[in-house]
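**Student:** take this sequence and fold it.
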Amino acid sequence: MIADDGQHTAVLTDVAGTRPVYLARTESGALWSTSASALARHIAAGVDFAAVVTRLVCPTVAEVTRDETAYEGVRRVPGGHVLITDRTGRHTITAYEEQRRLPFEDAALELREALLEAVTYRVKTAERLTADFSGGLDSTSLALLAHAAGADLLAVTHVDEASRNEDVQYAQRAARGKNLRHVLVTDDEGLFFAGLPEAPHTDQPFPDAARWRLRAAHQRVCIEYGSDLHLGGSGADMLLSAPRTYLADLARERDLAALLRHSRAKARLRQKPSGCRGPRTR
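**Tutor:** The predicted structure follows:
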């Protein structure tokens, strides 16, 4: 969202920061763009190798990656903030969305209503709707909400031979329970790093680029179906879940009872084994 009154330009990022805006400070003032690489070319910025390593190793830990990009001198405007520049080149960055603290039950109700409203709106605008249907919590929930809103959708599940888990069985069970049109997609050649030279260029280092061939096989079915709107569940963990690093905080505080309880709960949620060993005694 961009607004201009002739004296000031305001650039708003979305609350979750999924549509990034980048900023570079120069002698003549502030420059902004939706492309970090475009700004880097404009100011002849070099590669920020420390930031690249951080983003590749810890891409989902916001406290580590902060507002850095792959380029020196190019920063990202945080989600939920507005960048305001004037004609002299001066700029400010301020939050426009104040954080609220709600009881869990109230927050869950608001989230439910917001998701229902968002999915229902998108269903009404689509003629041929497709959806990720991995069997995980995120994509399955969105697809079933769309189905409940009256969508005649095609649910697509990628069968990855390199990953052995129960997600496909969960997807099949959910599809049968709701009589969804469900397609299993397999690609024997779609292994990690397969076809990577043909992967599209991205503005920032993208850890998921190694899965480009897997994604392409998955999306090909949707393209052939003629999809004009696709629902995906990616990113919900970052938006709605506490980062896994909080378990390290529990361990640092030596609250082993809480650490074991939370580890088991997260393991049950993701159908993974859990374990916790107490401190050694001397």
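
**Student:** where in the chain is pLDDT low?
**Tutor:** Within the chain, the segments meeting pLDDT under 70 span 60, 161-164, 188-192, 235, 237-239, 270-282.

**Student:** and for the longest helix that it contains, what's in contact with it?
**Tutor:** The residue-count maximum for a helix in the chain (DSSP state H) belongs to helix 104-125. Outside of helix 104-125, the residues within contact range by C-beta atoms under 8 Å, 6 or more residues apart in numbering are 102, 129, 141-142, 145-146, 149-151, 229, 231, 240. C-beta here means a position set from N, CA and C on the backbone, and glycine is covered the same way.

**Student:** and it, how far out from the chain middle?
**Tutor:** The chain centroid and the centroid of helix 104-125 are separated by 18 Å under C-alpha atoms, centre = their mean, to the nearest Å.

**Student:** give me the residues contacting the helix or strand following that helix.
**Tutor:** Downstream of helix 104-125, the next assigned helix or strand under DSSP states H and E is strand 129-132. Strand 129-132 is touched from outside by 122-123, 139, 142-143, 146, 151-156, 218, 221-222, 225, 227-234, with contacts defined as C-beta under 8 Å, 6+ apart.

**Student:** my guess is Thr94 meets Val82, correct?
**Tutor:** Yes. Under the criterion of C-beta atoms under 8 Å, Thr94 makes contact with Val82 at 6.0 Å.

**Student:** so which of those two has more stuff around it?
**Tutor:** Comparing Thr94 with Val82 by other C-beta atoms under 10 Å, the one with more neighbours is Val82, at 18 against 8.

**Student:** who's in contact with that one?
**Tutor:** 10-13, 93-96.

**Student:** any quick ChimeraX command for the buried ones out of those residues?
**Tutor:** The ChimeraX command for the buried members of these (criterion: 16 or more other C-beta atoms under 10 Å) is given here:
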select :11,12,13,93
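
**Student:** format the contacts of Val82 as CSV; extra columns: secondary structure and distance to Pro200.
**Tutor:** Formatted as CSV, those follow (DSSP: H, G, I helix; E, B strand; the rest coil; distance: C-beta to C-beta, whole Å):
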residue, secondary structure, distance to Pro200
Ala10, strand, 31
Val11, strand, 25
Leu12, strand, 27
Thr13, coil, 23
Ile93, strand, 30
Thr94, strand, 34
Ala95, strand, 33
Tyr96, coil, 32
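
**Student:** out of the contacts of Val82, who's nearest Leu56?
**Tutor:** The nearest member of these to Leu56, counting by C-beta to C-beta, is Thr13 at 23.2 Å.
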